[in-house]
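K.L.:
Predicted model and sequence follow; I will ask about them next.
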Amino acid sequence: MRRQIYLVPVIGEDNTLMGVVTERDLLRAFVPPSVRFLDYMVYLEQPHSLEVLRERACRIKAAEIMTTPVTAVNEETSLGKVIALILEKNLHQIPVVREEEVVGIISRSDIVRTIYSKICPVKRDGGGE
């Protein structure tokens with residue numbers, strides 16, 4: 001199964017969650033600011049060449065573009081609370097921590113899959129309805 005990755009945890013030397021690098025962080029760091037005008041993208045500054053972007057990507061540190069503070073949940077957080085946070089903060093994924101160490105990541109598709117499995121359980125023979 002192919003998974004979409006929308007965030008990567010940034011872990012400190014003590015294995016604690018320091019921040020996350022999200023798809024939005026990467027876009028902010030590498031795509032020039034623009035506005036949509038009459039269905040056209042108008043760049044507010046000149047787009048960089050691929051070579052310039054490659055050089056920047058090799059130099060930049062996660063700490064320079066990561067999102068902090070991180071919205072995270074622990075293993076005991078209810079599914080309802082997880083859903084509320086994802087909707088409230090418009091997140092695609094949310095880290096799960098145990099004593100500040102990342103133990104997993106919950107995605108929107110994980111939630112849909114879980115709810116679907118409760119509503120429409122798959123038969124034991126592997127077939128569904």
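P.N.:
Received, thanks. Numbering: from 1, shown residues only.
K.L.:
Quick check: which ranges of the protein have low pLDDT?
P.N.:
Scanning the chain for pLDDT under 70 picks out 1-2, 32-49, 123-129.
K.L.:
what's the longest helix in it?
P.N.:
helix 108-119 (DSSP state H).
K.L.:
buried set for that one?
P.N.:
residue 108 (16 or more other C-beta atoms under 10 Å). Using the backbone N, CA and C atoms, a C-beta is placed for each residue, glycine as well.
K.L.:
what packs against it?
P.N.:
helix 79-88 (3 or more C-beta pairs under 8 Å, 6 or more residues apart in numbering; DSSP states H and E).
K.L.:
mind exporting the helix it packs on as CSV, just the C-alpha atoms?
P.N.:
Only the C-alpha atoms of helix 79-88 are listed here, as CSV (Å, rounded to 0.1, in the frame of the first residue of the first chain):
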residue,chain,number,x,y,z
LEU,A,79,-10.2,9.1,18.2
GLY,A,80,-12.7,11.9,18.6
LYS,A,81,-10.1,14.3,20.0
VAL,A,82,-7.6,13.3,17.2
ILE,A,83,-10.3,14.0,14.5
ALA,A,84,-11.1,17.4,16.2
LEU,A,85,-7.4,18.4,16.2
ILE,A,86,-6.9,17.4,12.6
LEU,A,87,-10.0,19.3,11.5
GLU,A,88,-9.4,22.3,13.7
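K.L.:
Give the next helix or strand downstream of that helix.
P.N.:
Next along the chain after helix 79-88, taking DSSP states H and E as the criterion, comes strand 93-98.
K.L.:
Just the helices from the protein, written as ranges.
P.N.:
Counting by DSSP H, the helices of the chain are 23-30, 50-59, 62-65, 79-88, 108-119.
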